[in-house]
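In: Test case, fold it:
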Amino acid sequence: MSFNKLEFGNCLFLICPTDYMENVLNRICSTKAFFYMSLGASFSWDIATQKNLIQLIEEQKITQIVFVTKYSNLFYKEVLEPNSEPFLTVYDTLLKLDKTLPDYFLNQSHPILRVMLLASRHLQSQQKHILETSLLGNLIKQKKIITQSFVYHPNNEVFYTPKTIENKVLLYGDLSPN
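Out: Alright, predicted model coming up:
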């Protein structure tokens, strides 16, 4: 699945700074785009951060919160490389997610599929976590702010939803660019 334009309300994108997604996301967002960044798209939701984001959401009239990562994010590759040195605590988080992949899938020959699924599951976890936060989660639910997540494939210039990745990758072992 892809999206071309976010047509309504201002959008807060939650991204990893190493993905360099700002220009791509600004192009697809027909309203104002705001960015909150964390390495590996692994966000910490301490009270101070929640309060700052609440202030931004209210002042800028944010109607959508979108988690986005490139499938080629260096943190995902790090987890999947057997000889790599852990870079940050992001590694532990992603390694736990990697262990949730089915055994048959871990032996698949196409590494992009594994990374896409890992990235998808990671973003789903982050999306669930933000909704469970004490202050920010309550505001998101109260104001009915849309939360979404997408894994971006830069070669195809396509944004895939977690559901699309799960369906196509796990059921068919193939990720079609359409």
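In: Check which residues of the lengthiest helix in the chain are buried.
Out: Scanning the chain for the longest helix, with DSSP state H as the assignment, gives helix 111-131. For helix 111-131, the neighbour count (16 or more other C-beta atoms under 10 Å) marks 113-127, 130 as buried. Where you see a C-beta, it was placed from the backbone N, CA and C, and this is true even at glycine.
In: Pick the one among those residues closest to S72.
Out: Within the buried residues of helix 111-131, the smallest distance to S72 is 7.4 Å, found for V115 (C-beta to C-beta).
In: pLDDT score for the closest one?
Out: Looking at V115, its pLDDT reads 76.
In: Tell me where this protein has helices.
Out: Counting by DSSP H, the helices of the chain are 22-28, 47-59, 74-80, 90-98, 103-106, 111-131, 136-142, 162-165, 172.
In: out of these, which comes closest to P154?
Out: Of all the helices of the chain, helix 22-28 comes closest under C-beta to C-beta, at 8.0 Å.
In: by contact count, what packs against that closest one?
Out: strand 10-15, strand 33-37 (3 or more C-beta pairs under 8 Å, 6 or more residues apart in numbering; DSSP states H and E).
In: Tabulate the helices of the chain in a markdown table, adding columns for distance to L39.
Out: Shown next, in a markdown table, are the helices of the chain (distance: least, C-beta to C-beta, whole Å):
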| stretch | distance to L39 |
| --- | --- |
| helix 22-28 | 15 |
| helix 47-59 | 14 |
| helix 74-80 | 7 |
| helix 90-98 | 6 |
| helix 103-106 | 25 |
| helix 111-131 | 12 |
| helix 136-142 | 20 |
| helix 162-165 | 21 |
| helix 172 | 32 |
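In: Minimum distance to V66: which of these has it?
Out: Per C-beta to C-beta, nearest to V66 of the helices of the chain: helix 22-28, 8.1 Å.
In: Against F159, how distant is the residue nearest to K70 when sequence neighbours are not counted?
Out: Nearest residue to K70, sequence neighbours excluded (C-beta to C-beta, 6 or more residues apart in numbering): D19, at 4.5 Å. For D19, the distance to F159 (C-beta to C-beta, to the nearest Å) stands at 12 Å.
In: same deal with I145?
Out: Where F159 is concerned, I145 sits at a distance of 19 Å (C-beta to C-beta).
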